[in-house]
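**Q** 3D, please:
(one chain, ligands or ions: 1)
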Amino acid sequence: MIKLENINVNYHDKQGHILQAVNNVNLHIQKGEIFGIVGYSGAGKSTLVRVINLLQKPQSGKVIVNHQDLMNLNEKQLRATRKKIGMIFQHFNLMNSRTVHGNVLYPLRDAKLTKQEKEQKIQQLLELVGLADKRDMYPSQLSGGQKQRVAIARALANDPEIVLCDEATSALDPKNTQAILKLLKEVNQKLGITMVLITHEMDVVKEICHKVAVMEKGRVIEVGKIVDIFSHPKQSLTQDFIYTASNIELAYQNIFDHPLLANKLQNDCLFELHYIGHNSFNPFISELYRRYQTEVTILYSDIEIIQNQPVGNLIALITSESTPIEKIENYLRQQNISMSRLNALQHENYYLI
Ligand SMILES: Nc1ncnc2c1ncn2[C@@H]1O[C@H](COP(=O)(O)OP(=O)(O)OP(=O)(O)O)[C@@H](O)[C@H]1O
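**A** Numbers count the residues shown, from 1 in each chain. The predicted structure follows:
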């Protein structure tokens, strides 16, 4: 559906220096997917997402949407294509002088529909986003979450095939964030709209995306299905993002600060285990004891359901007197449980070895 090939975007700063905001990016986004692009501020996410509808023209590369290279379109063709790509912004970008109804009507001003058809459409959209009773209100009379609902209705007015969401929930409180993510998911499922969602919050990605690309300094450094990325992140930046979206970092702090654990940490091996799918329910801890008389003390554990798959994380002390730890690692690997040993003595800056 969307193919970005070798995209490069450069900016010039006031001193005339070139800044490479997007550096040779290749992405393939399938029809009907919710695709997340995550990265810290300045990574190039907004620039990249604006390339998809050519609001930002790249210096080089191909932007292919529905088998059409947008770089080859003339202005009129591009305007028609852009109508099929809706956009939602962090700060809603509503017109304050128009009512909710007026904001949703605006993108329909040139549509080849009768007045009655337009009214019917607006009514349907306002019902979809749960704002039918607010149609005559002005943006200043709405909460942030309600404003974003208006923005979503407006983005859907021209029956887009793609919706680009630029930090759509970053200005909202946690409750409204959840409600807007739920609505976006519904829109994706009911209308089959492909969504590209940029954010600096891995929690948002975890909640609704099917796939994610991680960006750093203009480059895509890792891309994959959510479950794979969360269970086996390859890059340390990806791991950082995942840690911030879980309680694992706090768990480490508590573990290393705990006076009773300090001695134990000197003698026993501390491990981080990750597993996905059915393994989350396998009684592997009792199995380790039965097979190898190995004791596992769980210091932290959680199981999340990501894209309908259980994903488990565990921090545990493993005491194995008679069996070499390599044998245990081997056994767990056979169960598709990945295991990393932590050097507990370096706990100021704990690290995986
Ligand atoms: N119009 C511009 N002129 C010059 N530099 C720009 C322009 N727009 C963005 N940049 C720079 O390009 C880089 C990428 O910016 P971009 O906004 O795409 O990143 P981002 O990941 O979306 O960040 P944020 O989450 O803060 O919006 C940054 O260093 C930014 O300062």
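**Q** these two touch, right, Ala245 and Glu201?
**A** Yes - assessed by Cβ atoms under 8 Å, Ala245 is found in contact with Glu201 at 7.3 Å. Glycine gets a C-beta too; all of them are placed from N, C-alpha and C.
**Q** what is the burial count for Ile18?
**A** 10 (other Cβ atoms under 10 Å).
**Q** what do you get for Asn158?
**A** Using other Cβ under 10 Å, Asn158 has 17 neighbouring residues.
**Q** quick check: Glu161 vs Glu33, distance?
**A** Here the distance between Glu161 and Glu33 works out to 12 Å (Cβ to Cβ, to the nearest Å).
**Q** what of Thr99?
**A** Distance from Thr99 to Glu33, by Cβ to Cβ: 34 Å.
**Q** which SS class is His204?
**A** Heads up, residue 204 is Val, not His. Under DSSP: H, G, I helix; E, B strand; the rest coil, the three-state class of Val204 is helix.
**Q** what sits closest to it if chain neighbours are left out?
**A** Leaving out its chain neighbours, the residue that sits closest to Val204 by Cβ to Cβ, 6 or more residues apart in numbering is Thr169, at 6.0 Å.
**Q** so who does Leu48 touch?
**A** Going by Cβ atoms under 8 Å, 6 or more residues apart in numbering, Leu48 touches 4, 7, 9, 22, 25, 37, 198, 215.
**Q** want to throw these into JSON lines with neighbour count?
**A** As requested, these are exported to JSON lines (neighbours: other Cβ atoms under 10 Å):
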{"residue": "Leu4", "neighbour count": "22"}
{"residue": "Ile7", "neighbour count": "25"}
{"residue": "Val9", "neighbour count": "22"}
{"residue": "Val22", "neighbour count": "26"}
{"residue": "Val25", "neighbour count": "23"}
{"residue": "Ile37", "neighbour count": "29"}
{"residue": "Ile198", "neighbour count": "28"}
{"residue": "Met215", "neighbour count": "25"}
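**Q** including secondary structure, pLDDT and distance to Thr177, could those residues go into CSV?
**A** CSV is the format used below for the contacts of Leu48 (DSSP: H, G, I helix; E, B strand; the rest coil; pLDDT from 0 to 100; distance: Cβ to Cβ, whole Å):
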residue, secondary structure, pLDDT, distance to Thr177
Leu4, strand, 97, 27
Ile7, strand, 97, 29
Val9, strand, 97, 29
Val22, strand, 97, 27
Val25, strand, 97, 27
Ile37, strand, 97, 18
Ile198, strand, 95, 15
Met215, strand, 97, 21
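**Q** dig out what Met87 forms beta bridges with.
**A** Taking DSSP bridges as the rule, Met87 bridges to Leu164.
**Q** enumerate the residues of the chain near the ligand.
**A** The interface of the chain toward the ligand, taken as Cβ under 6 Å from any ligand atom, is made up of 11, 19, 21, 39, 41-47, 200.
**Q** buried stuff in whichever strand or helix holds Arg290?
**A** Here Arg290 sits within helix 284-292, counting by DSSP states H and E. Within helix 284-292, the residues scored as buried using 16 or more other Cβ atoms under 10 Å are 284-285, 288, 292.
**Q** show me the strands in the protein, by range?
**A** Applying DSSP state E to the chain gives strands spanning 2-12, 18-29, 34-38, 60-65, 68-69, 85-89, 162-166, 194-199, 211-216, 219-225, 269-276, 295-306, 309-319, 337-342.
**Q** mind giving me JSON lines with these and columns for distance to Leu181?
**A** Output for those, formatted as JSON lines (distance: least, Cβ to Cβ, whole Å):
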{"stretch": "strand 2-12", "distance to Leu181": "21"}
{"stretch": "strand 18-29", "distance to Leu181": "19"}
{"stretch": "strand 34-38", "distance to Leu181": "10"}
{"stretch": "strand 60-65", "distance to Leu181": "25"}
{"stretch": "strand 68-69", "distance to Leu181": "30"}
{"stretch": "strand 85-89", "distance to Leu181": "12"}
{"stretch": "strand 162-166", "distance to Leu181": "10"}
{"stretch": "strand 194-199", "distance to Leu181": "9"}
{"stretch": "strand 211-216", "distance to Leu181": "14"}
{"stretch": "strand 219-225", "distance to Leu181": "18"}
{"stretch": "strand 269-276", "distance to Leu181": "22"}
{"stretch": "strand 295-306", "distance to Leu181": "14"}
{"stretch": "strand 309-319", "distance to Leu181": "18"}
{"stretch": "strand 337-342", "distance to Leu181": "29"}
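**Q** so Ala171 sits right up against Gly144, yeah?
**A** Yes - using Cβ under 8 Å, Ala171 makes contact with Gly144 at a distance of 5.8 Å.
**Q** can you pull the residues that touch both of those two?
**A** Counting by Cβ under 8 Å, 6+ apart, the shared contacts of Ala171 and Gly144 are Phe92.
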